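**Q** I'll drop the sequence and a predicted model, then ask my questions.
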Amino acid sequence: MPPIPVKPGVYRIHAHIIGPGAQVTATEHAVKYGAPIITDRANPLPIEQEWVIEPAQPVPGSPYVIRLALQEQAGIVLAEDKLWVNNVPREEWAKFTFETVLGGVKILSDKGLALRAGYRGSQIELVPPKPDFQETWTLEFIRPLDAE
């Protein structure tokens, strides 16, 4: 499928996994590459579960970067085929594209690997894309960037 455009803004990213609803969540404790990014139940505080999705470059067709909405320097990075959030220069942030799939969107890294949520509480992994519901995500638009 061809990449689809995503409106820049603040989002909650919902995983499609068995069990209670789960959202992309930054953990509190940094380890080797930063704080692991997991799926977890909805948290009433937005600090760990609201993400900015915006183009990596201000040109049409640019891939997107994702960062914590309330921490401008905390972007998603990839290491060991897993997702982490870390305060590193923007140039080091991972770049993503989005494709429409049945029931939501597939999020792909710039290497063509899909984000996969194994189960609630597990760290999000990068895998070769397959038609798998655990690689399907829902982007819940919260607000535009200028409303931060």
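**A** Everything's here; your move. All of these numbers come straight from a predicted model, not from anything done at the bench.
**Q** Skipping adjacent residues, who's closest to P2 in space?
**A** E99 (7.3 Å; C-beta to C-beta, 6 or more residues apart in numbering). C-beta coordinates here come from the backbone N, C-alpha and C atoms, glycine included.
**Q** What number of residues are in the vicinity of that neighbour?
**A** If you count neighbours by other C-beta atoms under 10 Å, E99 ends up with 14.
**Q** okay, it: pLDDT?
**A** Model confidence at E99, expressed as pLDDT, equals 96.
**Q** Next, the buried residues of the helix or strand where it lies.
**A** Secondary-structure element containing E99, defined by DSSP states H and E: strand 96-101. Counting neighbours by 16 or more other C-beta atoms under 10 Å, one finds that the buried residues in strand 96-101 are 96-98, 101.
**Q** Against E92, how distant is Q57?
**A** Distance, Q57 to E92, by C-beta to C-beta, to the nearest Å: 15 Å.
**Q** pLDDT weak spots in the chain?
**A** Under the criterion of pLDDT under 70, the regions of the chain flagged as low confidence span 19, 44, 147-148.
**Q** Touching, the residue nearest to P2 and V105? I think so.
**A** Yes. Taking C-beta atoms under 8 Å as the contact criterion, E99 and V105 are neighbours in contact, 6.4 Å apart.
**Q** Can you pull the residues that touch both of those two?
**A** Residues touching both E99 and V105 (C-beta atoms under 8 Å, 6 or more residues apart in numbering): I4.
**Q** before we move on, back to that, pull the residues that contact the strand holding E99.
**A** Residues lying outside strand 96-101 but in contact with it, judged by C-beta under 8 Å, 6+ apart, are 1-4, 6, 63-66, 105-110, 131, 135-136, 139.
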